[in-house]
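Novice: The following block contains a protein sequence and its predicted model.
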Amino acid sequence: MEKQTDQIARNSTRKEFLATSLKTGAAVAGAAVGAASIEGLAHAAHIEARDLADQPVNLKWEVEFTDAPDQQAVQQYLIKPYQQLHPNVSITLQAAPTGTSTDQHLATLFAAGDGPDIYDNAGPSFMPPYITNGEALNLEPYAAKYGWKQKMSSFALQSSLYQGKLYYLPTEFESLHLWVNTTAMQKYGWKVPTTYDEMMNVCAEIKAKGLIPFATGMNGWKGCWDWWYSYFLNAYLGTKKLYKVLTGQIPWTDPEIATSYQMMKKIWDLGYIMDKQAPAITLTSSWAIWGQGKAVFRMEGTWGFSPGLVYANAKNIEWAIAPLPTWKPGIDFAPPVGIGEANAINPKSKNIAVAADFYDFAFFRNRDQILKWLPKLSSIFLPTLKWQPNDFGSSFDPRLASVLVASSKAMATSRAGYLSWTAWPAKTETYMWTNFESVLYGKLSITDYLKETDRIFQQEKSAGTLPQVPKPAGL
């Protein structure tokens with residue numbers, strides 16, 4: 001991630017940003033399908049009849065993570081075990097070249113008729129163009145065959161439907177949390193904040209001790225500011241009201257939305273977030289600062305469990321995961337949860353049935369197998385299964401296990417908040433993070449920012465491109 005901002009002022013994704021930072025530190029044939037999948041199912045019927053026979057099968061898998069450690073781990077824990085079961089199958093990873101985003105690379109490949117057999121992207125907000133362009137297979141027949149819908153949480157399923165059908169698999173859920181340097185908290189007798197006022201008070205005390213309240217880094221991709229508005233919009237509006245905003249029942253110009261931005265700007269103006277230097281600090285540098293005990297909190301997601309982030313940088317402090325503080329008394333705040341990886345199948349692949357079988361093997365079929373690789377790949381893949389406390393052995397990090405169990409329960413009971421890269425339409429989301437720093441620095445008024453946000457959102461609503469947002473409990 002140590003690239004200059006102007007070198008990657010492009011349509012990157014969170015995982016490209018994270019990967020770069022880490023790098024530097026047939027029954028099927030008769031099923032009802034959409035038009036985009038008819039040709040693909042014809043191929044599928046042929047492959048299904050072979051039933052993974054001994055004919056050579058070559059799958060190309062386009063992934064959005066480019067760092068060598070993650071690709072090697074995927075090879076070792078996902079691809080190699082499958083190929084041992086099916087020696088005739090060869091799966092080749094490929095990724096966009098440096099300077100090109102995943103979306104740009106995929107667009108070029110599909111336009112040339114050379115699209116990968118399978119591919120992943122950064123979440124539901126990115127997938128509608130592939131579906132409408134006929135580049136994502138209708139997976140409903142395979143969902144029925146493998147029981148995918150029954151295995152994943154209802155929240156994950158609802159977040160992954162497009163016009164009521166499954167075109168991609170949610171292969172990683174992400175949730176936001178408060179990462180706490182408990183060494184510093186215990187030294188100074190501070191308590192973990194549970195409200196906005198408590199958070200502001202303890203941040204003032206932290207800063208008075210010469211420490212940084214919140215460590216973070218945006219140098220490399222300022223799109224990571226969407227972590228923050230995903231948090232505070234949930235924390236101030238609550239899930240029910242935010243749901244109404246995301247489904248177009250309440251405009252983005254609502255006064256309470258403006259208030260939440262004003263509260264966020266106050267945190268920034270007081271220097272509680274990286275001493276107002278976040279745009280100049282890289283993600284990995286901010287983790288190092290936190291791990292060295294120079295900062296107390298991080299407002300970040302499950303991807304922090306990557307071996308290259310928390311485990312590499314927090315060796316000299318005790319740390320814990322805590323719920324994020326609520327920003328308004330009495331609201332129905334639930335931790336934001338969403339889908340960070342969406343894996344699809346190219347309808348024109350000649351090996352559709354094998355591709356579907358590989359996806360099932362990798363992300364659904366065997367919990368024990370998944371648990372072997374999950375701690376090493378949780379920043380890339382975090383299967384949306386219904387995790388229970390007894391799934392994890394004593395050697396499994398209890399902090400990660402608690403996150404998995406709590407998030408699974410939240411998704412199963414529809415008591416989860418919303419992440420922007422899952423529940424926001426793509427153009428609205430892009431505008432919001434692109435201009436967020438301008439709001440923080442006072443170059444763009446909150447009023448004008450929200451007016452433009454609402455204008456873009458209404459356009460996407462009229463065009464029918466809003467993602468499906470799971471309805472929260474109680475509505």
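Specialist: That came through fine.
Novice: what residue ranges in this protein are flagged as low confidence?
Specialist: Residue ranges of the chain with pLDDT under 70: 1-53.
Novice: Just after the lengthiest strand in it, pick out the following helix or strand.
Specialist: Ordering each strand of the chain by length in residues (DSSP state E) puts strand 169-181 first. Toward the C-terminus, strand 169-181 is succeeded by helix 182-188 as the next helix or strand (DSSP states H and E).
Novice: Quick check: buried residues in that following helix?
Specialist: By neighbour count on 16 or more other CB atoms under 10 Å, the buried set for helix 182-188 is 184-185. Glycine gets a C-beta too; all of them are placed from N, C-alpha and C.
Novice: Can you name the next helix or strand after it?
Specialist: helix 196-208.
Novice: Against residue 208, how distant is the closest residue to residue 204 other than its chain neighbours?
Specialist: In space, and not counting its chain neighbours, residue 204 is closest to residue 270: 7.7 Å by CB to CB, 6 or more residues apart in numbering. Relative to residue 208, residue 270 is positioned 12 Å away (CB to CB, to the nearest Å).
Novice: who's more crowded, those two?
Specialist: Neighbours per residue, other CB atoms under 10 Å: of residue 270 and residue 208, the larger number sits with residue 270, 14 against 9.
Novice: what's the longest strand of the chain packed up against?
Specialist: Judged by 3 or more CB pairs under 8 Å, 6 or more residues apart in numbering; DSSP states H and E, the packing partners of strand 169-181 are helix 154-159, helix 226-246, strand 295-301, strand 319-322, strand 336-345, helix 398-412.
Novice: Could you single out the most deeply buried of the ones you listed?
Specialist: Among these, ranked by average contacts under mean count of other CB atoms under 10 Å, first place goes to strand 336-345 (a mean of 27).
Novice: Adjacent strands (with direction) for it?
Specialist: Its sheet considered, strand 336-345 pairs with strand 118-121 (antiparallel), strand 169-181 (antiparallel), strand 417-418 (parallel) by DSSP bridges.
Novice: residues of the following helix or strand past the first one that come out buried?
Specialist: This points to strand 118-121. Per DSSP H and E, the first helix or strand lying C-terminal to strand 118-121 is helix 128-132. By neighbour count with 16+ other CB under 10 Å, helix 128-132 contains the buried residues 128, 130-131.
Novice: Stretch 286-295 too?
Specialist: 286-291, 295.
Novice: Give me the contacts around it.
Specialist: 25, 179, 181, 183-184, 211-217, 274, 278, 281, 298, 304, 309-310, 312-317 (CB atoms under 8 Å, 6 or more residues apart in numbering).
Novice: Now do that stretch: distance to the chain's middle.
Specialist: 23 Å (CA atoms, centre = their mean, to the nearest Å).
Novice: Pull the longest strand of the chain out as CSV, backbone CA atoms only.
Specialist: The C-alpha trace of strand 169-181 is given here as CSV (Å, rounded to 0.1, in the frame of the first residue of the first chain):
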residue,chain,number,x,y,z
LEU,A,169,-22.2,-16.8,-3.3
PRO,A,170,-21.4,-14.8,-0.1
THR,A,171,-18.1,-16.3,0.8
GLU,A,172,-17.0,-13.9,3.4
PHE,A,173,-19.0,-11.9,5.9
GLU,A,174,-17.4,-8.9,7.6
SER,A,175,-18.4,-7.0,10.7
LEU,A,176,-17.2,-3.9,12.4
HIS,A,177,-15.9,-3.9,16.0
LEU,A,178,-13.9,-1.8,18.5
TRP,A,179,-10.4,-3.1,18.7
VAL,A,180,-9.0,-2.3,22.2
ASN,A,181,-5.5,-2.0,23.5
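Novice: and it, how far out from the chain's middle?
Specialist: The answer for strand 169-181 is 8 Å, by CA atoms, centre = their mean.
Novice: Next, the angle from it to helix 398-412.
Specialist: On the basis of axes from the mean of the first three to the mean of the last three CA atoms, to 10 degrees, strand 169-181 is oriented at 130 degrees to helix 398-412.
Novice: Of all the helices and strands packed on strand 169-181, which one is nearest residue 190?
Specialist: strand 295-301 (7.7 Å; CB to CB).
Novice: C-terminal to that closest one, what's the next element?
Specialist: For strand 295-301, the following helix or strand on the C-terminal side (DSSP H and E) is helix 310-313.
Novice: Secondary structure element holding the residue nearest to residue 79 when sequence neighbours are not counted?
Specialist: Nearest residue to residue 79, sequence neighbours excluded (CB to CB, 6+ apart): residue 91, at 4.7 Å. Assessed by DSSP H and E, residue 91 sits inside strand 89-94.
Novice: in its sheet, what does that strand sit against?
Specialist: Paired strands of strand 89-94, defined by DSSP bridges, are strand 57-62 (parallel).
Novice: Might you calculate how far the strand it pairs with sits from the centre of the chain?
Specialist: Counting by CA atoms, centre = their mean, strand 57-62 is centred 24 Å from the centre of its parent chain.
Novice: Identify the residues contacting that strand?
Specialist: 86, 88-96, 102, 105-106, 109, 116-120, 349, 351, 354-355, 358.
Novice: Now it: buried residues?
Specialist: In strand 57-62, counting by 16+ other CB under 10 Å, buried: 57, 59-62.
Novice: Looking at those, spot the one nearest residue 382.
Specialist: When the buried residues of strand 57-62 are compared against residue 382 (criterion: CB to CB), the nearest one is residue 61, at 17.9 Å.
Novice: Nearest residue to that closest one in space, ignoring adjacent ones along the chain?
Specialist: Using CB to CB, 6+ apart and skipping the chain neighbours, the partner closest in space to residue 61 is residue 118 (4.9 Å).
Novice: Same check on residue 222?
Specialist: residue 437 (5.9 Å).
Novice: what do you get for residue 156?
Specialist: residue 384 is the one closest to residue 156 (CB to CB, 6+ apart), at 3.7 Å.
Novice: What's the separation between that neighbour and residue 155?
Specialist: Between residue 384 and residue 155 the computed distance is 8 Å (CB to CB).
Novice: any residues in contact with both of these two?
Specialist: Common neighbours of residue 384 and residue 155 (CB under 8 Å, 6+ apart) are residue 411.
Novice: show me what contacts the residue nearest to residue 156?
Specialist: 152-153, 156, 170-173, 339, 411.
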